[in-house]
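here's a sequence, model it:
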Amino acid sequence: MVFSRKLKIILEIVGFILAIILIAFLLYLVFFKSTATPPAEPNVNNANQNTNAGLPGVNNANVNIPANYNTNGEQPTQLPGVDNTANGGLTKTEIITPDINTQNPEMAGDGSVRYYNPDDGKFYNVDNNGNISEISKLMYQGVSQVTWANNANQAILEFPDQSNVFVDLKTNKQTTLPKEFQDFTFSPDAKQIAFKYLSSDPEKNVLAIASPDGSGARTIEPLGENEDITQVDWSPTGKVVATWTEFIDANRQEIGFVGLNDENFKGVVVHGYGLQTQYSPDGQRLLYSTFSADSNYNPTVSIVDANGDDIGKNNKDLELNTFARKCSFSADNAKVYCGIPKEQKYGYGLEPSILRGTTDDIYEVDLKNGTKKRIAVPVDAQGNPAYAVNKMFVAQNGQYLYFRDEQSGQLVKISL
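Predicted coordinates for the structure are as follows:
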């Protein structure tokens with residue numbers, strides 16, 4: 001009896017182990033072996049295999065390069081869940097200047113975008129369709145700041161040693177300007193420049209205008225020791241050459257407007273600190289951003305009338321938390337587009353570097369009816385949000401939006 005009981009126990013143990021092995025084998029057959037597929041046969045008869053076959057919106061995309069690579073910096077034709085145009089969600093982008101950290105990009109009067117390439121010292125133009133061409137054969141290495149004329153053919157170059165050069169990129173004319181000339185802006189017709197004349201004697205500091213080559217200079221008004229509160233910025237109407245700011249109390253400051261002929265323009269009272277401004281293309285309105293304790297020291301964007309007797313009217317908060325430099329008007333002055341940081345980190349108005357690594361969504365504001373909506377989340381070639389706006393431009397034809405990426409300096413395009 002004892003032997004039989006031991007034998008029975010042994011047989012039960014062996015049977016249990018065999019049952020476990022059998023169950024494990026069956027699980028392998030059901031969940032693993034059935035999903036395995038043999039490797040695809042190499043496409044030796046058709047070198048142009050369609051690598052995007054089966055993705056939505058792709059027709060006859062015959063390529064012989066990896067699916068996530070494009071020699072123009074452009075993404076593949078379509079990624080799942082990514083729109084080709086700005087419809088409110090993930091949006092395809094095209095890198096216009098691959099591997100180029102563009103410097104001082106600016107929109108010209110014809111709607112094209114021009115920039116300086118510090119790598120080769122040359123100047124380039126991007127037309128309304130995204131095509132790039134050299135503006136001139138002139139080369140300047142080590143430029144620290146480029147101020148463009150509205151006609152795109154002229155610019156003032158500033159260098160680290162405080163030397164300045166006016167260049168006509170069409171005629172290749174070059175003129176050295178005095179080192180005392182600083183903070184330049186061109187008139188709307190590009191026939192004059194405004195600037196600060198700053199010397200070692202504050203009593204001689206003035207706001208002045210001259211021809212672009214520095215000739216015919218005349219004083220607009222003395223600056224004294226107030227040059228740091230004066231921003232030289234010629235308005236598109238041609239009536240205002242600069243603005244100044246002065247605090248009224250701990251929470252408010254006034255924006256003053258400086259005319260060419262001692263005009264007594266009204267001021268605009270704004271709330272907060274860290275003022276950034278941008279005129280509409282027609283000069284009728286001024287977009288500005290400030291920050292305060294009420295906004296958690298994050299910038300808020302507002303708009304106000306800024307021409308003649310209307311200065312200060314219709315001062316409206318657009319309820320966008322971003323810097324004015326991240327925004328752009330449409331060519332018809334009817335809409336504003338802004339890059340809005342996805343993460344609104346406390347206090348980034350005081351310290352913008354807090355936003356490092358944060359991507360932007362693109363918002364559109366219709367200035368006629370006041371509606372606001374997100375139109376795009378710009379993504380990279382893998383379909384991931386990857387860009388933050390440093391400066392933005394809207395093509396004159398209204399079909400494209402360009403921006404300089406904060407991190408790489410590349411110019412990026414999305415279709416509207």
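
isn't Val126 up against Arg114?
Yes - contact criterion C-beta atoms under 8 Å: Val126 and Arg114 qualify, at 7.3 Å. C-betas here are computed from N, CA, C, even on glycine.

all helices of this protein, in order?
Using DSSP state H, the helices of the chain run over 2-31.

could you list the low-confidence segments of it?
Along the chain, the model assigns pLDDT under 70 to residues 1-77.

hmm, back to that, between Val126 and Arg114, tell me which one has more neighbours.
Using other C-beta atoms under 10 Å as the criterion, Val126 and Arg114 rank with Val126 on top: 25 against 21.

once you drop chain neighbours, what's closest to that one?
Val113 (4.4 Å; C-beta to C-beta, 6 or more residues apart in numbering).

counting neighbours, what do you get for the one you found?
Look at Val113: counted by other C-beta under 10 Å, it has 27 neighbours.

residues in contact with it?
Residues near Val113 by C-beta atoms under 8 Å, 6 or more residues apart in numbering: Pro105, Glu106, Met107, Asn125, Val126, Phe393, Tyr402, Leu411.

sitting in strands, which of these do you find?
Among those, the residues falling in strands (DSSP state E) are Pro105, Glu106, Met107, Asn125, Val126, Phe393, Tyr402, Leu411.

can you tell me how far the first one is from Ile96?
In this structure, Pro105 and Ile96 are separated by 10 Å, where distance is defined by C-beta to C-beta, to the nearest Å.

please identify every residue contacting each of these two.
Jointly contacting Pro105 and Ile96 under the rule C-beta under 8 Å, 6+ apart are Tyr402, Leu411.

what residues are bridge-paired with Phe166?
Here Phe166 sits in beta bridges with Ile156, Thr175, going by DSSP bridges.

report the contact partners of it.
So Phe166 contacts Gln154, Ala155, Ile156, Leu157, Gln174, Thr175, Thr176, Leu177, Ile193, Pro212, Asp213, Gly214 (C-beta under 8 Å, 6+ apart).

dump the residues you listed into TSV; add neighbour count and distance to Leu350 as well.
Converted to TSV, the contacts of Phe166 look like this (neighbours: other C-beta atoms under 10 Å; distance: C-beta to C-beta, whole Å):
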residue	neighbour count	distance to Leu350
Gln154	21	37
Ala155	28	33
Ile156	23	31
Leu157	23	32
Gln174	14	41
Thr175	15	40
Thr176	11	39
Leu177	21	35
Ile193	27	33
Pro212	22	37
Asp213	14	41
Gly214	17	38
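
nearest to Gly238 among those residues?
Set against Gly238, the nearest of these by C-beta to C-beta is Ile193 (13.1 Å).

would you check that the closest one makes contact with Gln182?
No - Ile193 is beyond contact range of Gln182, at 11.4 Å (criterion: C-beta under 8 Å).

mind checking how far stretch 186-204 is from the chain centre?
In terms of C-alpha atoms, centre = their mean, to the nearest Å, the centre of stretch 186-204 is found 28 Å from the chain centre.

many thanks, have a good one.
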